[in-house]
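**Q** This is the structure alone, sequence omitted:
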Ligand SMILES: [Zn+2]
């Protein structure tokens with residue numbers, strides 16, 4: 001295990017994949033929500049199994065319990081605070097925590113209530129520890145864009161109200177490849193009209209064409225995952241010229257079998273081809289990772305150097321949705337470490 005003594009940034013970190021299991025069990029019991037296995041220890045084991053079993057359906061099952069529990073302001077506030085606290089203890093300087101407000105409304109919360117609770121949790125973490133956090137509200141793809149177009153537009157419109165007040169941008173997450181990504185264009189049109197910074201999950205399960213859609217049609221400057229861009233050298237050149245940032249989450253890609261192994265992951269080649277590659281966790285608890293453990297894979301199996309890691313954190317802070325007062329000190333420390 002290497003010690004990484006530079007400011008660490010996580011741009012792609014899902015709240016409903018990064019909770020503490022003890023808290024999840026405590027709240028499930030209090031809310032009377034049934035659990036599959038009786039103890040936290042067995043739940044950890046079940047999660048490890050599901051994360052690594054190679055079945056997407058099993059993988060998606062992991063989100064059922066956290067989504068069921070995170071439906072009160074108390075749960076959302078506390079679990080966001082705790083994720084912020086954990087990130088601080090892991091030495092993270094700045095993180096963008098994302099969640100889908102529409103997935104937390106089944107017990108009566110509005111999307112605005114959910115966003116406010118998450119912002120409150122992030123604020124409590126920032127008041128308690130010297131860490132900076134920004135919240136990203138995810139719009140969701142469940143299949144056809146028609147199923148939840150109304151809820152997705154509400155996410156964008158609600159996000160606008162909280163932009164600059166704890167919320168930093170929006171995203172499109174969920175199922176990829178069931179309908180063409182371009183069907184979701186109205187959501188990004190709305191985001192652009194509202195002046196919302198956005199990222200978009202693309203090029204993870206499907207091929208590079210979804211990265212092209214996100215970049216060319218939606219105008220995305222950041223792509224969630226996007227590693228399949230590597231299969232289209234011309235698109236790689238275009239993305240490099242436009243300075244598109246790729247939020248790479250190595251372990252998530254291996255677990256979801258969208259890359260075969262760490263050694264065969266194209267992230268290092270992407271960086272060497274001039275793309276703004278960044279390294280992130282995706283789902284800290286569910287995937288069983290931290291930024292440090294992802295960096296260990298980067299160094300030991302993926303061909304990155306220690307200096308690459310510093311450069312990728314520079315990419316992260318440059319692409320972060322937060323304002324310059326947060327970026328400037330982190331950027332200058334990273335540049336100092338690079339001797340620049
Ligand atoms: Zn993600």
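**A** Happy to help now that I have it. Because the structure is predicted, anything quoted here is derived from the model rather than measured.

**Q** strand partners of the longest strand along the chain, parallel vs antiparallel please.
**A** The longest strand of the chain (DSSP state E) is strand 132-141. Partners of strand 132-141 in the sheet, by DSSP bridges, are strand 92-99 (parallel), strand 167-174 (parallel).

**Q** ok and the very next helix or strand once past the last one relative to strand 132-141, angle-wise?
**A** So that's strand 167-174. Note on strand 167-174: by DSSP states H and E, the next helix or strand toward the C-terminus is helix 185-194. Counting by axes from the mean of the first three to the mean of the last three C-alpha atoms, to 10 degrees, helix 185-194 lies at 140 degrees to strand 132-141.

**Q** Buried ones in helix 185-194, by neighbour count?
**A** 187, 188, 190, 191 (16 or more other C-beta atoms under 10 Å). Glycine gets a C-beta too; all of them are placed from N, C-alpha and C.

**Q** and which of these is nearest to residue 179?
**A** Of all the buried residues of helix 185-194, residue 187 has the smallest distance to residue 179: 12.9 Å, by C-beta to C-beta.

**Q** And stretch 250-270, what's buried?
**A** 250-256, 258-259, 262, 265-268, 270.

**Q** nearest to residue 14, of those residues?
**A** Distances from residue 14 to the buried residues of stretch 250-270, taken by C-beta to C-beta, are shortest for residue 252, at 9.5 Å.

**Q** Then that closest one would be within a helix, right?
**A** Yes: assessed with DSSP: H, G, I helix; E, B strand; the rest coil, residue 252 lies in a helix.

**Q** and it, how far is that from residue 284?
**A** Per C-beta to C-beta, to the nearest Å, residue 252 is found 10 Å from residue 284.

**Q** do the same with residue 118
**A** In terms of C-beta to C-beta, residue 118 sits 16 Å off from residue 284.

**Q** Neighbour count for those two, which is higher?
**A** Each of residue 118 and residue 284 has its neighbours counted (other C-beta atoms under 10 Å); residue 118 has more, 30 against 25.

**Q** Quick check: which ranges of the stretch 1-150 of the chain have low pLDDT?
**A** 1-2 (pLDDT under 70).

**Q** can you list contacts of whichever strand or helix holds residue 159?
**A** Here residue 159 sits within helix 149-162, counting by DSSP H and E. Residues from elsewhere that reach helix 149-162, judged by C-beta atoms under 8 Å, 6 or more residues apart in numbering: 100-102, 111-112, 115-116, 119, 135, 137-140, 145, 167, 169-170, 172, 184, 186-187, 190-191, 194-196.

**Q** what angle do that helix and helix 185-194 make?
**A** Using the same axes, to 10 degrees: helix 149-162 against helix 185-194 is 20 degrees.

**Q** Figure out how far stretch 294-301 is from the centre of its chain.
**A** 19 Å (C-alpha atoms, centre = their mean, to the nearest Å).

**Q** got the residue ranges for the helices in the stretch 1-150 of the chain?
**A** 21-31, 40-52, 56-61, 64-69, 73-89, 111-128, 149-162 (DSSP state H, counting those that start in this stretch).

**Q** Leaving out the residues flanking it, which one is nearest to residue 124?
**A** In this structure, residue 124 finds its nearest non-sequential neighbour in residue 81, 4.7 Å apart by C-beta to C-beta, 6 or more residues apart in numbering.

**Q** is it true that the one you found touches residue 125?
**A** Yes: look at residue 81 against residue 125 with C-beta atoms under 8 Å: they come within range, at 5.0 Å.

**Q** Next, count neighbours for the closest residue to residue 191 other than its chain neighbours.
**A** Closest residue to residue 191 apart from its sequence neighbours, by C-beta to C-beta, 6+ apart: residue 198 at 4.7 Å. Using other C-beta under 10 Å, the number of residues around residue 198 comes to 26.

**Q** just the one 5 residues further on next, same as before
**A** Counted with other C-beta under 10 Å, the neighbours of residue 203 add up to 30.

**Q** again, but for the one 3 residues further on
**A** Counted with other C-beta under 10 Å, residues neighbouring residue 206 total 17.

**Q** residues near the residue nearest to it when sequence neighbours are not counted, how many?
**A** Distance criterion C-beta to C-beta, 6+ apart; nearest residue to residue 206, sequence neighbours excluded, is residue 177 at 4.1 Å. Residues contacting residue 177 under the criterion other C-beta under 10 Å number 13.

**Q** Quick one: residues contacting residue 177.
**A** 205, 206, 210.

**Q** Then residue 145?
**A** Counting by C-beta under 8 Å, 6+ apart, the residues that residue 145 touches are 152, 179, 183, 184, 186, 187.

**Q** Please report how far the closest residue in space to the third one that isn't next to it in sequence lies from residue 104.
**A** Counting by C-beta to C-beta, 6+ apart, residue 183 lies nearest to residue 145, which is 4.2 Å off, once chain neighbours are set aside. Taken as C-beta to C-beta, the spacing of residue 145 relative to residue 104 amounts to 21 Å.
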